[in-house]
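Engineer: below: sequence and its predicted model.
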Amino acid sequence: MSARIRKLIGGIGLMAFLAAYVWAATAISDRLPDNMAIKLVFFAVAGVGWGVPILPLLSWMNRGK
């Protein structure tokens, strides 16, 4: 598979994952108690946590340049 096709597929996968991740994070945040400290911790973890599942996709996209 050429690098161009791999990056196209990876880009589409990345956008789909991020859309689902944002939807899930907001759906979970609606169920949290109405406490600012809890929501602050949740969104801090959710804001950083999206990067970990993306790493294998990014490494696959950049393989074989």
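Structural biologist: Now that the structure is in, tell me what you want to look at. Numbers count the residues shown, from 1 in each chain.

Engineer: what residues does stretch 42-55 touch?
Structural biologist: By Cβ atoms under 8 Å, 6 or more residues apart in numbering, the residues outside stretch 42-55 that reach it are 14, 17-18, 21, 25, 28-29, 32. Glycine gets a C-beta too; all of them are placed from N, C-alpha and C.

Engineer: rerun that using 10 Å as the cut-off
Structural biologist: For stretch 42-55, the external contacting residues (Cβ atoms under 10 Å, 6 or more residues apart in numbering) are 10, 13-14, 17-18, 21-22, 24-26, 28-29, 32, 58, 61.

Engineer: for ChimeraX, what selects the buried ones among those residues?
Structural biologist: ChimeraX command restricting the contacts of stretch 42-55 to the buried ones, with burial defined by 16 or more other Cβ atoms under 10 Å:
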select :10,25,61
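
Engineer: show me the strands in this protein, by range?
Structural biologist: Remark: no strands are assigned in the chain by DSSP state E.

Engineer: hmm, which two among the contacts of stretch 42-55 are most spread apart?
Structural biologist: L32 and M61 (33.6 Å; Cβ to Cβ).

Engineer: where in the chain is pLDDT low?
Structural biologist: For the chain, applying pLDDT under 70 flags the ranges 64-65.

Engineer: ranges for the helices of it?
Structural biologist: Using DSSP state H, the helices of the chain run over residues 3-30, 36-49, 51-61.
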